[in-house]
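[1] Take a look and give me a structure for this.
(2 chains)
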Amino acid sequence: AQKITQTQPGMFVQEKEAVTLDCTYDTSDPSYGLFWYKQPSSGEMIFLIYQGSYDQQNATEGRYSLNFQKARKSANLVISASQLGDSAMYFCAMREGGTGGFKTIFGAGTRLFVKA
Amino acid sequence: NAGVTQTPKFQVLKTGQSMTLQCAQDMNHNSMYWYRQDPGMGLRLIYYSASEGTTDKGEVPNGYNVSRLNKREFSLRLESAAPSQTSVYFCASSPMSYEQYFGPGTRLTVT
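    From the prediction side, this is the model:
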């Protein structure tokens, strides 16, 4: 069965420093996708980055990168040069089944606090 | 483009009442989803529609029904609301099964 684990309920980081948010997953499907979403205090869900299980390189989107370690089943989000606006909840999510799959499960989230 | 819109934004129901949450997207996406988010938790999938004319159960479908009215619209119905259904409900859409675009959410309280 699918499972997503985010073990850090809360994280603090100093402005302009990098931070890593942990995510581990469990699946028996060889084809899956991993996502990170940001939820600011205003409540909307914002897509950040995607990694496919067959992608050879780690995904990057601006200041966001996904450290994908397939053998360890981890998909950690790295935010470089943190900004005050990065303070939010961050959710890791997984979709099984390749491009034909649609069920997506979410982790419990990590709340990131960026200090000035 | 408005993206994904949801109505209403807020709703208070009494136990046993029914209501329908509306969702519409103008991005021509095939797939649409309904999630609920309880305090301090991630999102849980209630139902999804891979394409117009199809719907499937997610993790927590009990107590809900859905209708994929057309490609744009996907509604969620609570037939007999219960306090356990107090939550924030999010609708989302995606072009295939890649990233999802979320609506602003509906905050539902059942007393």
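[2] and chain A, which of its residues are near chain B?
    Contact residues (Cβ under 8 Å from any Cβ of the partner chain) of chain A with chain B: A:4, A:33, A:35, A:43-47, A:50, A:91, A:93, A:95, A:97-109. Any C-beta I mention is one placed from the backbone N, CA and C, and that applies to glycine too.
[3] now the chain, which segments are flagged as low pLDDT?
    Picked chain A for this. Residues of chain A meeting the criterion pLDDT under 70: A:97-101.
[4] Correction: the question concerned chain B.
    B:97.
[5] where do the helices sit along chain B?
    Assigned by DSSP state H, chain B shows no helices.
[6] So for chain B, which residue is the most central one in space?
    Per Cα atoms, centre = their mean, the C-alpha nearest to the average position across chain B is that of residue B:34, at 3.2 Å.
[7] What residues are recorded as beta-bridge partners of that one?
    residue B:47, residue B:91 (DSSP bridges).
[8] Torsion angles phi and psi at residue B:53?
    Main-chain dihedrals, residue B:53, degrees, to the nearest 10: phi 90, psi 0.
[9] What is the burial count for the nearest residue to it once chain neighbours are set aside?
    Leaving aside its chain neighbours, residue B:53 sits nearest to residue B:68 (6.5 Å; criterion: Cβ to Cβ, 6 or more residues apart in numbering or on different chains). By other Cβ atoms under 10 Å in any protein chain shown, 20 other residues sit near residue B:68.
[10] What's opposite residue B:68 in the beta bridge?
    Beta-bridge partners of residue B:68, counted by DSSP bridges, are residue B:74.
[11] List, one by one, the residues from chain B near chain A.
    Residues of chain B lying near chain A (Cβ under 8 Å from any Cβ): B:31, B:33, B:35, B:40-45, B:48, B:50, B:56, B:58-59, B:88, B:90, B:92, B:96-102, B:104-105.
[12] Which of those residues are buried? Put it as a PyMOL command.
    Those of the residues of chain B next to chain A that count as buried under 16 or more other Cβ atoms under 10 Å in any protein chain shown are selected in PyMOL with:
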select buried, chain B and resi 31+33+35+42+43+44+45+48+50+58+59+88+90+92+97+99+100+101+102+104+105
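[13] so who does residue 61 touch?
    Since you didn't name a chain, this refers to chain A. Neighbouring residues of residue A:61 by Cβ atoms under 8 Å, 6 or more residues apart in numbering or on different chains: A:48, A:49.
[14] nope, chain B please
    In this structure, residue B:61 makes contact with B:46, B:47, judged by Cβ under 8 Å, 6+ apart.
[15] Could you measure from it over to chain A?
    Separation of residue B:61 from chain A (Cβ to the nearest Cβ, to the nearest Å): 12 Å.
[16] cool, residue B:19 as well?
    20 Å.
[17] residue ranges of the strands in chain B, please?
    B:4-7, B:10-13, B:19-25, B:31-37, B:43-49, B:56-57, B:64-68, B:74-78, B:87-94, B:101-102, B:106-110 (DSSP state E).
[18] Out of these, which one sits most buried?
    Mean neighbour counts were taken over these using mean count of other Cβ atoms under 10 Å in any protein chain shown, and the top value, a mean of 25, falls to strand B:31-37.
[19] Alpha carbons of that one, as CSV, please.
    Extracted in CSV, the C-alpha atoms of strand B:31-37 (Å, rounded to 0.1, in the frame of the first residue of the first chain):
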residue,chain,number,x,y,z
SER,B,31,-8.9,14.9,-14.4
MET,B,32,-10.5,16.3,-11.3
TYR,B,33,-10.3,15.5,-7.6
TRP,B,34,-12.0,16.1,-4.2
TYR,B,35,-9.9,16.2,-1.0
ARG,B,36,-10.6,16.9,2.6
GLN,B,37,-8.1,18.4,5.0
